[in-house]
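Need the 3D shape of this:
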Amino acid sequence: MAKKSKKSKKVATAEVVTPIVEEVSEAALARKKAFQAAKDAAGGAESLQFKQKNKPWHVYFNQEGDIVCFTDSESPQEDAEWLTHDFTQEQLGMLHGKDLTRYRIRKEETAENVYVIELKPLETVYVSAKEDFLYEIAESKARKWDLQLEVHKDDVVVKLGKAMLEKYADVYPISATVKGQRLIKIFITAPDDPHVMFHYQVVSLADLLGNKGEFKFDVDNDFREYGFYTNKLFDIYSKKIVK
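Got it, this is the predicted structure:
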């Protein structure tokens, strides 16, 4: 009788994995040491975070006030003609997400070493005194008006009054005119000074009538304390500031 062949048993062997130890670079150690020193000097991690959050930023600008760059760390490679001033993060908040070319740094003439960030006046819009008699739209709490500007932080809503809507109820919006004009021009300027302009908007009467008497346009600056002028086409105007 033939003998059964014996099957060889496989012996499982565990693979020995040699752990890989990453070397910590000298630069990383230096950063860790610097952070610890800063934390100790500040009086703890929370105090360090507070100081970093409130750390001023260096803003660089040229002789005309055009903003070149700003940083909270080491100075960039400076141009010999650049000027610099430190601003708080709160002061720089107005530049967040904005086009920096529309802003400038201006030195206060009445105070020493005081600089402000402000919106640049527009230089490309010219108003003809002959063609456009500018009328300032004053803030008013009147209940009845022909046209009102409702000024918010980020936008302006142009509204037609109830009487105007009734007047144009049977008129096709595209055919509507007021004193022969179809366009309402709005100029946002420095307070009490129409010669320094910051925003120019044209609103068509057709757009107002086609949208139940309202038209909203966005602005990239808080204009609630600025001046508002227009080419006077209606009799009663009102400006409402929304806080």
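
burial count for residue 165?
Counted with other C-beta atoms under 10 Å, residues neighbouring residue 165 total 14. For the C-beta atoms, the positions are set from N, CA and C on the backbone; glycine is no exception.

And residue 166, its phi and psi?
The phi/psi pair for residue 166 (degrees, to the nearest 10) reads phi -70, psi -40.

Go ahead and name everything in contact with the top strand by length along the chain.
Counting by DSSP state E, the longest strand found in the chain is strand 193-204. Residues external to strand 193-204 that are found in contact with it (C-beta atoms under 8 Å, 6 or more residues apart in numbering): 119-122, 125, 127, 134, 136, 156, 158, 182-190, 215, 217, 219, 221, 223, 226-227, 229.

per-residue confidence averaged over the helix or strand just after it?
Using DSSP states H and E, the next helix or strand after strand 193-204 towards the C-terminus is helix 205-209. The pLDDT scores in helix 205-209 average 96.

then helix 205-209 to CSV, C-alphas only?
The C-alpha coordinates for helix 205-209 follow below in CSV (Å, rounded to 0.1, in the frame of the first residue of the first chain):
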residue,chain,number,x,y,z
LEU,A,205,-36.0,105.4,-16.0
ALA,A,206,-36.9,102.2,-18.0
ASP,A,207,-35.1,100.0,-15.5
LEU,A,208,-36.9,101.7,-12.6
LEU,A,209,-40.3,101.3,-14.1
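
Packing partners of that helix?
Packing contacts for helix 205-209, counted by 3 or more C-beta pairs under 8 Å, 6 or more residues apart in numbering; DSSP states H and E, involve strand 155-160, strand 183-190, strand 214-218.

The protein: strands as residue ranges?
Under DSSP E, the chain gives strands at 57-61, 67-71, 83-87, 103-107, 115-119, 134-136, 147-151, 155-160, 183-190, 193-204, 214-218, 227-231, 237-241.

Residue 176: which of these is closest?
Nearest to residue 176 among those is strand 193-204; the distance by C-beta to C-beta comes to 9.0 Å.

partners of that closest one in the sheet?
Within its sheet, and counting by DSSP bridges, strand 193-204 is paired with strand 183-190 (antiparallel).

For the strand it pairs with, what is the distance to the chain centroid?
20 Å (C-alpha atoms, centre = their mean, to the nearest Å).

Can you give me the domain assignment for the protein?
39-119, 134-241 (automatic domain parsing).

averaging pLDDT over each of these, which comes out lowest?
domain 39-119 (a mean of 75).

ok so, going back, out of the domains of the chain, deepest packed?
domain 134-241 (a mean of 16; mean count of other C-beta atoms under 10 Å).

start to end distance for that one?
Counting by C-alpha to C-alpha, to the nearest Å, you get 20 Å between the two ends of domain 134-241.

cool, stretch 222-230 as well?
19 Å.

Show me what that stretch is in contact with.
With C-beta under 8 Å, 6+ apart as the test, stretch 222-230 has contacts from 134-137, 149, 151-154, 156, 184-194, 198-199, 237, 239, 241-243.

what does stretch 183-190 give?
121, 125, 127, 132, 134, 147, 149, 156, 158, 194-205, 208, 219, 223, 226-231, 233.

follow-up on the earlier one: angle of the longest strand of the chain against strand 214-218?
For strand 193-204 against strand 214-218, the angle by axes from the mean of the first three to the mean of the last three C-alpha atoms, to 10 degrees is 120 degrees.

between the helices and strands packed on helix 205-209, which one is nearest to residue 81?
Taking C-beta to C-beta, strand 183-190 is the member of the helices and strands packed on helix 205-209 nearest to residue 81, at 28.1 Å.

still on that earlier bit, take the strands of the chain and write them to TSV, including distance to residue 176.
What follows is the strands of the chain, written out as TSV (distance: least, C-beta to C-beta, whole Å):
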stretch	distance to residue 176
strand 57-61	47
strand 67-71	44
strand 83-87	48
strand 103-107	38
strand 115-119	34
strand 134-136	20
strand 147-151	13
strand 155-160	10
strand 183-190	11
strand 193-204	9
strand 214-218	13
strand 227-231	16
strand 237-241	18
